[in-house]
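Chemist: Predicted coordinates and the sequence they were generated for:
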Protein chains: 2
Amino acid sequence: MNHTRLVACFFLALAFGIASPTLAQTTSPATSQGLKIEPLPAPNTGEWHKANSTHRQATFPQTTDDGRYWFQFRAPNAKSVQLEVGSRRYDYEKGGNGLWNLFIPHPGPGVKLVTVYVDGVALPEPGTEIFYSNGWKAAIESPAPGEDYYAIKDVPHGDVREHWFKSTVTATTRRSFVYTPPDYDKDTATRYPVLYLQHGNGEMEQEWTHSGLANFILDNLIAEKRAVPMIIVMNNGFANRPGEPPAGMRGTSVGRGPAATAPGAGGNVAPVSAFEEMLLKDVIPDIDKNFRTLANRDHRALAGLSMGGGQAYTIGFRNLDTFSHLGIFSGAIGNVSTLPEPMNDPATFNRRVPVLFLSAGTVGSDLQFHTSAKTLVDKATAAGIHATFFESPNTQHEWQTWRRSLHAFAPLLFKQ
Amino acid sequence: MNHTRLVACFFLALAFGIASPTLAQTTSPATSQGLKIEPLPAPNTGEWHKANSTHRQATFPQTTDDGRYWFQFRAPNAKSVQLEVGSRRYDYEKGGNGLWNLFIPHPGPGVKLVTVYVDGVALPEPGTEIFYSNGWKAAIESPAPGEDYYAIKDVPHGDVREHWFKSTVTATTRRSFVYTPPDYDKDTATRYPVLYLQHGNGEMEQEWTHSGLANFILDNLIAEKRAVPMIIVMNNGFANRPGEPPAGMRGTSVGRGPAATAPGAGGNVAPVSAFEEMLLKDVIPDIDKNFRTLANRDHRALAGLSMGGGQAYTIGFRNLDTFSHLGIFSGAIGNVSTLPEPMNDPATFNRRVPVLFLSAGTVGSDLQFHTSAKTLVDKATAAGIHATFFESPNTQHEWQTWRRSLHAFAPLLFKQ
C-alpha cells in the first residue's frame, strides 16, 4: 500500500477535453444554444438510441455512443422551453406538432441533473430516471470515456439488500442498504469486513448504490482481485431522538449529524448526534448480529461523501476503538487549523489507522473541499502520519468524484 | 382452506364512506373546490403534520390523522395552479408570497398519484415520493382506516434484495427483487417455497415492494402465523430477445408478454414470449441456485396484477409442471368464453392446483377485470373446479386492490 500522496494520473484522456462537468450549484442566467442538427433524425436510428437512464415507456432522451444528447418535450402552447443540465441552460427549438427539440454536446461524465423550464415552470425531465438529490430530481447518466469500473460487467454480482432494523435511539424502524459480496450466500462459513458508507447532505441511503453504483464498483474490483470481498452498509445520515425536531429539513441544521469537528481539531467538539449514537448502538450491533461480519475494529471502515465525509472524520476520530480505516470524500471537515488529537502520537496512529484517505474534485464546487482535504493531508504528512490524498480531475462536488473516490479507496481496505 | 367463493366482507367501514377512490384513468375536465380552511394554520402544528410520503427536505404535503391533505406550491407568477389527485382536479387558492394552498378531503385509501398543473404545465407534486406508474409519478400514501396489514409493525422483517442475474434469453444482465422471510439468514438449513409475483403494464419490478408494500404484508402475515414463510421473487415483466424491438414501450404491444390466452381458452394460443422463456430458463434456475428454495412445482406459485395476472394465467396454465398455485389480481385474462384445457379434468386439476385465486376491485376502472374474473370463477366452479374469487370493495385498478389481493392470497399458499 502506498502511504504517500497518491495523485490520480489516470482518467487523463477524460471527457473530450470538457473543462468543467457540473452538478448545478448556481445556474447561469444566460442560456446557450444546443447543437444544430438538421433535418431531424428519426429516434432509434443511425447513431441515436435511447439512453440507459431513459425509462421503459419513454423514447427520449436519446443519446449517441460519444455522449451527445437529444431531448424532446411536447408543449404546443409554450412560448419557451429550456433545459438545465448541471449549471447550464439550453433553449429547445420548436418543431412541428408542438414538439420542442434540443441537441447538446457531451455534458461531462456521470450523473447530470436535468430540469425542464416551460415558460419558467420547472419540472423534472419526464423521460429519464429519478434520483434523490435535494429532492426528487431527474438525471441522465452520461458516458465517461476510459471509466468502465462502474459498468455492469459479466462478473459475479453481489446483492443489495434493503434491511430493516429497530433503532432504540430514534425509536423508529429504519432501513440500511447492505451490499453483500458475490459469494456471500455460497461461502456460508466465511466472515467479512464491513465498510460503513455514508451519503451527503442532499441524498438518502439508497443513493450510494443508485447514483453512486457502489455495488458495481465493488463487484468489478473484487472480480479483478483488487479489493477484498467486503460488506458495505449504507444508512440515512439523518436521525433524531424522540422529541427532537425531524432531522434533515432543508434550510436548517437540525439533525445534520455532528458538526465537522474532530476532537482537538480546533473549535468546539461537536456533541454526539443522534446519528452517531444510532450508528454505534443500533446499526453496528444489528449488522454484526444479522450478517457474517468480522466484528472488530480492524475489520471496520467508515467513509462518506460531503456531510458523510464530515461524519466519517468526526465519528471516526472519536471512535478509533470501533473503526480502523477512514475515507473522507469531498468531506465537510471544517476547521483544519490543528490536527485532531489522535494524531499527536503518529506512530500509534499509523499502527491503529492503516488507511486515512481524503479526496476531492479539482474544479468548481469541490474546490473548497479540495483545499481543506489537501491542507489536512499536508499537515498530517508533515507530522509523520500516513495519509492518502486522491484527486478527481475536472470534477466538482458530484457523483463522479465520489465514484472515483470509492474506486480508489476500496482497494486499500483490509489489506494489512 | 376455503375452496368456494370468498367474498371480502372486511374493510366495510372503509374510508369514511368515500365511494370511489381512484387511480386516474381519465380526468374530469371540471375542477372541484377543496376544503375551506381559514386562517391558514402553521405547518407541523395542531392536527397537521408531514405525510410519511413527504420527503425529508420538503414541508408539504401535510396531512391529518384522518387523512385530509394540505398541499402548497410556490408560483408567484402563475395564473392558475391545480392538483390532480386520482381522477379529480382541484384548484389551489393563491395566498401571500406567491404560495398557493389547497386542502382536500381524504382522497381514499392507499397510493394516489398527484400531479400539479401550473398554467396547464404538468409536473409531479414536488414534495412527495416518486413511483413508477406509466412513467415516474409523484404519489401520496393515504391512510386506510381498518387496514393496518401493510404497516411497518414491530415484528421481524425480511430483507428485500436487488439480485442481479444473467439472462441467456435476453442476453442482458437483469435484476430480480427478492424478498427473503425474517429468519432466512438464521435458519440456514431451512428451505422455502417461492412465490413469483409480477407487476402490471404500467409498473416495474420494484413496485410490488415500493408501491405494493408486499414485504411488509408478508412480514405481518408470517408474524401472525397466517402465512408460511416464503421467498417472493419479483421481475420486470417485459423482455425481448436480441434483435427484437425493446419491450414495453408506451403505445405498442411489443414485449407485453404473452397475450392473455391460456391454452384452449378461446382464441389463439399466444406464442411463448421472451418473458415466459426467460422466467423458465433463466429466472427460476437462478433463484433455485442462489437461494434455499424448495425447488419443485408443489412449492412454486405464480401471481401477478393486471398484465402480470394475464402472465400468471397464460404461463401458469401451460406450465403446470412448474407451478401449482396461481394468483390473478385484476388480471388481463382476455377471452373467458371457454375454460382453459387443463380444467377439462376437474379432479386432476383440483389435485394439481390447490389454489386458483382471482380478484378484482368493485368499481370504476377495475369493473372490466371484475367481470372477466367472476365469469371465469363461476364457470370453473360450475365445472367442479376449486377456485377462489376475492373482491376489494370500492377500489379500482389501483394498488389498494392489489395489496388486499396479496393479503388474501398469501395465507392460502403452500398449506396442503
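Modeler: Done, it's in. Residues are numbered from 1 along each chain as shown, chains lettered A, B, ... in the order given.

Chemist: So, low pLDDT: which residues of chain A?
Modeler: Applying pLDDT under 70 to chain A flags the ranges A:1-30, A:250-270.

Chemist: quick one: the helices in it?
Modeler: For chain A, the helices defined by DSSP state H cover A:207-210, A:214-223, A:274-278, A:284-290, A:307-317, A:346-352, A:367-382, A:399-409.

Chemist: can I get those in JSON lines with mean neighbour count and distance to chain B?
Modeler: Heads up, the C-betas are built off the backbone N, CA and C, glycines and all. Compiled in JSON lines, the helices of chain A are given as follows (neighbours: other C-beta atoms under 10 Å in any protein chain shown; distance: least, C-beta to the nearest C-beta, whole Å):
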{"stretch": "helix A:207-210", "mean neighbour count": "24", "distance to chain B": "8"}
{"stretch": "helix A:214-223", "mean neighbour count": "22", "distance to chain B": "8"}
{"stretch": "helix A:274-278", "mean neighbour count": "21", "distance to chain B": "13"}
{"stretch": "helix A:284-290", "mean neighbour count": "16", "distance to chain B": "6"}
{"stretch": "helix A:307-317", "mean neighbour count": "28", "distance to chain B": "13"}
{"stretch": "helix A:346-352", "mean neighbour count": "14", "distance to chain B": "32"}
{"stretch": "helix A:367-382", "mean neighbour count": "18", "distance to chain B": "21"}
{"stretch": "helix A:399-409", "mean neighbour count": "28", "distance to chain B": "18"}
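
Chemist: Switch these over to CSV; also include distance to B:F369.
Modeler: CSV is the format used below for the helices of chain A (distance: least, C-beta to C-beta, whole Å):
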stretch, distance to B:F369
helix A:207-210, 33
helix A:214-223, 38
helix A:274-278, 45
helix A:284-290, 40
helix A:307-317, 46
helix A:346-352, 64
helix A:367-382, 54
helix A:399-409, 42
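
Chemist: For A:I104, which of those is the nearest?
Modeler: With C-beta to C-beta as the measure, helix A:399-409 is the member of the helices of chain A nearest A:I104 (17.5 Å).

Chemist: now the angle from that closest one to helix A:307-317?
Modeler: If you take axes from the mean of the first three to the mean of the last three C-alpha atoms, to 10 degrees, helix A:399-409 sits at 30 degrees to helix A:307-317.

Chemist: send the alpha carbons of helix A:399-409 over as PDB?
Modeler: In PDB, the C-alpha atoms belonging to helix A:399-409 read as follows (Å, rounded to 0.1, in the frame of the first residue of the first chain):
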ATOM      1  CA  TRP A 399     -21.200  11.700  -8.000                       C
ATOM      2  CA  GLN A 400     -18.400  11.200 -10.500                       C
ATOM      3  CA  THR A 401     -15.900  12.500  -7.800                       C
ATOM      4  CA  TRP A 402     -17.300  10.100  -5.300                       C
ATOM      5  CA  ARG A 403     -17.500   7.100  -7.600                       C
ATOM      6  CA  ARG A 404     -13.800   7.600  -8.400                       C
ATOM      7  CA  SER A 405     -13.000   8.100  -4.700                       C
ATOM      8  CA  LEU A 406     -14.700   4.800  -3.800                       C
ATOM      9  CA  HIS A 407     -12.900   3.100  -6.600                       C
ATOM     10  CA  ALA A 408      -9.500   4.400  -5.300                       C
ATOM     11  CA  PHE A 409     -10.400   3.800  -1.600                       C
END
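
Chemist: which residues are in contact with it?
Modeler: A:6, A:8, A:11, A:21, A:23, A:108-111, A:144, A:147, A:149-150, A:197, A:211-214, A:217, A:221, A:303, A:305, A:327, A:329-330, A:355, A:357, A:359-361, A:366, A:390, A:392, A:395 (C-beta atoms under 8 Å, 6 or more residues apart in numbering or on different chains).

Chemist: If we use 7 Å, what do you get?
Modeler: Here helix A:399-409 makes contact (C-beta atoms under 7 Å, 6 or more residues apart in numbering or on different chains) with A:8, A:21, A:109-111, A:144, A:149-150, A:211-214, A:217, A:303, A:305, A:327, A:329-330, A:357, A:359-361, A:366, A:390, A:392, A:395.

Chemist: A:P43: how many residues sit nearby?
Modeler: Neighbourhood size, A:P43 [other C-beta atoms under 10 Å in any protein chain shown]: 15.

Chemist: oh sorry, the question was meant for A:P340
Modeler: Using other C-beta under 10 Å, A:P340 has 23 neighbouring residues.

Chemist: Return the distance of it relative to A:Y313.
Modeler: 8 Å (C-beta to C-beta, to the nearest Å).

Chemist: can you check A:S80 too?
Modeler: Look at A:S80 and A:Y313: by C-beta to C-beta, they are 45 Å apart.

Chemist: got it, and A:Q198?
Modeler: Applying C-beta to C-beta, the value for A:Q198 to A:Y313 is 11 Å.

Chemist: How about A:W399?
Modeler: 20 Å.

Chemist: same check, this time on A:V363
Modeler: A:V363 sits 23 Å away from A:Y313, going by C-beta to C-beta.

Chemist: And A:Y132, by the same measure?
Modeler: Taken as C-beta to C-beta, the span from A:Y132 to A:Y313 is 23 Å.

Chemist: residue contacts, the nearest residue to A:A360 once chain neighbours are set aside?
Modeler: Excluding its sequence neighbours, the residue lying closest to A:A360 (C-beta to C-beta, 6 or more residues apart in numbering or on different chains) is A:H370, at 3.7 Å. Applying C-beta under 7 Å, 6+ apart, we find A:H370 in contact with A:A360, A:G361, A:T362.

Chemist: Which ones among those map onto strands?
Modeler: Those of these mapping onto strands are A:A360, A:G361, per DSSP state E.

Chemist: Using a markdown table, lay out the contacts of A:H370 together with neighbour count.
Modeler: Below are those laid out as a markdown table (neighbours: other C-beta atoms under 10 Å in any protein chain shown):
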| residue | neighbour count |
| --- | --- |
| A:A360 | 28 |
| A:G361 | 26 |
| A:T362 | 16 |
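
Chemist: For the contacts of A:H370, give me a markdown table that also has distance to A:L294.
Modeler: Formatted as a markdown table, the contacts of A:H370 follow (distance: C-beta to C-beta, whole Å):
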| residue | distance to A:L294 |
| --- | --- |
| A:A360 | 30 |
| A:G361 | 33 |
| A:T362 | 36 |
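
Chemist: Quick check: bridge partners of A:F329?
Modeler: On the basis of DSSP bridges, A:F329 takes part in beta bridges with A:L305, A:S359.

Chemist: cool, and A:F177?
Modeler: Going by DSSP bridges, A:F177 is paired in beta bridges with A:E162, A:M234.

Chemist: Quick check, it in contact with A:E207.
Modeler: No. A:F177 is beyond contact range of A:E207, at 9.3 Å (criterion: C-beta atoms under 7 Å).

Chemist: Mutual contacts of those two, please.
Modeler: In contact with both A:F177 and A:E207: no residue, using C-beta under 7 Å, 6+ apart.

Chemist: Spit out the contact partners of A:S142.
Modeler: By C-beta under 7 Å, 6+ apart, the contact set of A:S142 is A:G67, A:H106, A:P107, A:G108, A:P109, A:G110, A:K112.

Chemist: at 6 Å what do you get?
Modeler: Contacts for A:S142 (C-beta atoms under 6 Å, 6 or more residues apart in numbering or on different chains) come out as A:G67, A:P107, A:P109, A:K112.

Chemist: Now the third one. Its backbone dihedrals?
Modeler: With angles defined as degrees, to the nearest 10, A:P109 shows backbone torsions of phi -70, psi 140.

Chemist: my guess is it meets A:G146, correct?
Modeler: No. With contact defined as C-beta atoms under 6 Å, A:P109 and A:G146 do not form a contacting pair (9.0 Å).

Chemist: Same drill for those two, tell me which one is more crowded.
Modeler: Neighbour totals were compared for A:P109 and A:G146, and A:P109 leads with 27 against 13 (other C-beta under 10 Å).
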